[in-house]
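Visitor: Have a look at this prediction, sequence included:
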Amino acid sequence: MPRPLWAGAISFGLVTIPVKIVSATEDHDVHFHRVHLADMGRVRTRKVCELDGQVVSQDEIGKGYEIAKDQTVPVTDEELEQMPLPTAKAIEIAAFVDADSIDPVRISDSYYLAADGQVAAKPYTLLRKALERSSKVAVAKFQWHGRERLGLLRIREGAIVLHSMKWPDEVRNPQELAPREVEVGEEEIEQALQLAERMTIEDLSGFHDEYREALEDIIAAKAEGQPLPAPAEDEGREKGEVVDLMAALNASVKAAKESRGEDGEDATVHEMRPSKKSPRKKTPAKKTAASKKSTASKKTAKKTAAKKRSAS
């Protein structure tokens with residue numbers, strides 16, 4: 001099990017469920033160091049006091065809130081921990097709502113709640129079954145990293161998941177971003193729906209991070225002194241080019257049908273004048289030689305790149 005990030009309890013009416021929070025996701029990003037290009041030495045960030053110019057250690061750094069110009073009030077960790085909040089060590093369920101009523105924009109980070117000990121097994125299972133049978137989600141409040149947050153509890157494959165949520169006033173109003181009203185024909189809407197239907201899938205597990213894979217290929221090539229992978233050909237339209245929307249939809253539907261081995265001859269639902277430049281069907285970028293390197297070679301390259309020695 002991953003290292004717990006928090007330990008407390010779920011407060012469900014008079015029911016208390018001891019739980020531990022563990023991260024529901026993993027970070028697979030490639031992380032870079034800042035280096036001095038002349039000698040590849042690590043460049044470190046120094047914490048300097050702006051008043052006396054002295055470098056300060058972590059033990060000398062605390063929190064402060066500026067209430068006016070040149071007036072800052074210090075706030076200690078002990079003072080924050082002693083705030084009279086019922087959610088200091090509890091995930092307090094405040095209400096239950098229909099899952100469809102939650103705006104996905106408000107959902108932030110996700111965590112698994114693990115039952116903390118055998119005493120938590122029965123109430124944990126009770127809450128899980130209640131959520132499963134009601135088809136509802138629980139709205140809760142909890143304290144996390146020095147502030148009170150709104151949370152959402154739901155079930156995922158037998159485990160209770162805690163989603164951190166934005167408060168209502170933290171979500172911007174999107175109305176000012178919407179484009180002006182334009183006329184869209186019924187034929188265009190139907191063709192867009194047909195394209196969406198052709199692109200519908202049941203499982204997202206096939207998606208992967210192509211950027212990370214390409215970045216690992218570049219690092220491996222540089223570490224081994226090999227030529228860098230050739231950039232993928234850009235088959236997109238020229239910037240600013242205006243295309244016939246209906247023709248683009250027709251071509252997209254036809255391409256979606258062909259990609260599934262279906263006959264694409266009936267993709268066009270009505271005749272339109274052909275655009276000056278019909279969209280071309282995109283083909284997958286050719287795999288480079290670097291992408292064929294073994295996993296062991298990539299791991300060796302990563303270890304090599306990580307061993308930066310300071311020249312100072």
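Guide: Sure thing, it's come through.

Visitor: gap between Ile67 and Pro74?
Guide: 11 Å (C-beta to C-beta, to the nearest Å). The way it works is simple: take the backbone N, C-alpha and C, and place the C-beta from them, glycine included.

Visitor: Okay, now the unreliable bits of the chain?
Guide: 1, 84-88, 233-243, 245, 260-312 (pLDDT under 70).

Visitor: in it, which spans are strands?
Guide: 6-12, 15-23, 35-36, 41-42, 63-68, 71-75, 90-98, 107-115, 136-144, 147-156, 159-165 (DSSP state E).

Visitor: how long is stretch 129-143 from one end to the other?
Guide: 25 Å (C-alpha to C-alpha, to the nearest Å).

Visitor: can you pull the buried residues of it?
Guide: The neighbour-count check on stretch 129-143 (16 or more other C-beta atoms under 10 Å) flags 131, 136-143 as buried.

Visitor: Show me how the record splits the chain into domains.
Guide: Domain ranges of the chain: 6-27+82-168, 186-201+209-228+246-302, per automatic domain parsing.

Visitor: I'd like the ones you listed written out as TSV, with distance to Val48 added.
Guide: Supplementary listing: the domains of the chain in TSV, determined by distance: least, C-beta to C-beta, whole Å:
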stretch	distance to Val48
domain 6-27+82-168	24
domain 186-201+209-228+246-302	33
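
Visitor: quick one: which of those domains is nearest Met40?
Guide: domain 186-201+209-228+246-302 (12.0 Å; C-beta to C-beta).

Visitor: All the helices of the stretch 101-250 of the chain, in order from the start?
Guide: When assigned using DSSP state H, counting those that start in this stretch, the helices of the stretch 101-250 of the chain occupy the ranges 121-134, 186-198, 210-223, 245-259.

Visitor: Can you tell me which of these is most buried?
Guide: helix 245-259 (a mean of 19; mean count of other C-beta atoms under 10 Å).

Visitor: Tell me what angle that one forms with helix 186-198.
Guide: Taking axes from the mean of the first three to the mean of the last three C-alpha atoms, to 10 degrees, helix 245-259 and helix 186-198 form an angle of 20 degrees between their directions.

Visitor: Farthest pair within the buried residues of stretch 129-143?
Guide: Using C-beta to C-beta, those span at most 23.9 Å, a distance reached by Lys136 and Gln143.

Visitor: Tell me how far Val22 lies from Glu224.
Guide: From Val22 to Glu224 the distance is 37 Å (C-beta to C-beta).

Visitor: Tell me which of the two has more neighbours.
Guide: Using other C-beta atoms under 10 Å, the more surrounded residue of Val22 and Glu224 is Val22, with 16 against 13.

Visitor: Do I have it right that that one meets Ser110?
Guide: No - judged on C-beta atoms under 8 Å, Val22 makes no contact with Ser110 at a distance of 10.7 Å.

Visitor: Give me the distance from stretch 174-183 to the chain's centre.
Guide: Put simply, stretch 174-183 sits 27 Å off its chain's centre (C-alpha atoms, centre = their mean, to the nearest Å).

Visitor: what residues are up against the closest residue to Ala99 other than its chain neighbours?
Guide: The shortest distance from Ala99 to any non-neighbouring residue, by C-beta to C-beta, 6 or more residues apart in numbering, is to Val137 (4.9 Å). Shown in contact with Val137 (C-beta atoms under 8 Å, 6 or more residues apart in numbering): 96-99, 102, 131, 152-154.

Visitor: Who does Val137 form a beta bridge with?
Guide: Using DSSP bridges, the bridge partners assigned to Val137 are Val97.

Visitor: Of the domains of the chain, which is nearest Gly62?
Guide: If we rank these by C-beta to C-beta, the stretch that ends up nearest is domain 6-27+82-168, at 12.6 Å.

Visitor: if we can go back for a sec, list only those of the contacts of Val137 flagged as buried.
Guide: 102, 131, 152-154.

Visitor: Tell me the one among those residues nearest to Glu176.
Guide: Among these, and counting by C-beta to C-beta, the member closest to Glu176 is Ile102, at 23.4 Å.

Visitor: Tell me who's in contact with the closest one.
Guide: Neighbours of Ile102 in contact, by C-beta under 8 Å, 6+ apart: 137, 152, 165.

Visitor: can you redo those as JSON lines with distance to Asp59?
Guide: What follows is these, written out as JSON lines (distance: C-beta to C-beta, whole Å):
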{"residue": "Val137", "distance to Asp59": "43"}
{"residue": "Leu152", "distance to Asp59": "37"}
{"residue": "Met165", "distance to Asp59": "35"}
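
Visitor: Let me have the buried ones among the contacts of Val137 in TSV, adding distance to Glu176 as columns.
Guide: Output for these, formatted as TSV (distance: C-beta to C-beta, whole Å):
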residue	distance to Glu176
Ile102	23
Leu131	37
Leu152	27
Leu153	33
Arg154	32
